[in-house]
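[1] dropping a prediction and its sequence here:
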Amino acid sequence: MRTYWLVEGLLAAGVLAALVIAGTVIAALVDAGTVAVLVGVLGGLAVIGAAVIAVLVPRVDYRHYRYEVTELGLYVAKGWLWRRHQVVPHARVQTVETTVGPLMRAFGLVSVDITTASSAGGLTIPGLAPDVADRLVQELALRAGIEEGT
């Protein structure tokens, strides 16, 4: 799960760095004087700040994300600034599925998506190893009474 948060932070830093570099190039083309130097310095500081954020935020997010399957249901606690605790009763679980995109596949990670019987939707547990995700899907489906479709 730690790798997922690191990848997420690096993607955010990369997007920010690309925007800063584009702004610097545009400023350099418009006026090669003081404005370009100022934008370059501010851009460099923004890239350094983005790199620091890309390293720190995923670590903090990883440390503050927990899930547990209990007799009551699936318990999820997440967030470090705004803490959110959620219990999804097994009887409310409608579907449990895994999702993997190209980036997560490259790192060997899977997300488990739980759809509930409410208008608020469900929740996602990101960045799991495939074997952990498979065991979680099987356990949640078993406890929810979800049988294989026909």
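    Cool, the structure landed. Residues are numbered from 1 along each chain as shown.

[2] hey, let's count contacts and neighbours off CA atoms from now on
    Noted.

[3] tell me the SS of residue 77?
    Here residue 77 is strand, with the state taken from DSSP: H, G, I helix; E, B strand; the rest coil.

[4] so after the helix or strand harbouring residue 55, what's the next helix or strand?
    Taking DSSP states H and E as the definition, one finds residue 55 inside helix 34-63. Following the chain from helix 34-63 toward its C-terminal end, the next helix or strand by DSSP H and E is strand 66-69.

[5] ok, that next one: who's next to it in the sheet?
    According to DSSP bridges, strand 66-69 forms sheet pairs with strand 73-78 (antiparallel).

[6] the partner strand versus helix 34-63: what angle between them?
    Using axes from the mean of the first three to the mean of the last three Cα atoms, to 10 degrees, the interaxial angle of strand 73-78 with respect to helix 34-63 works out to 150 degrees.

[7] ok, and what's touching strand 73-78?
    61, 64-69, 83-90, 140 (Cα atoms under 8 Å, 6 or more residues apart in numbering).

[8] over to stretch 95-102?
    109-116, 133, 137, 140-141, 146.

[9] ok now the helix holding residue 55, how far from the chain's centre?
    Between the centre of helix 34-63 and the centre of its host chain there is 19 Å, according to Cα atoms, centre = their mean, to the nearest Å.
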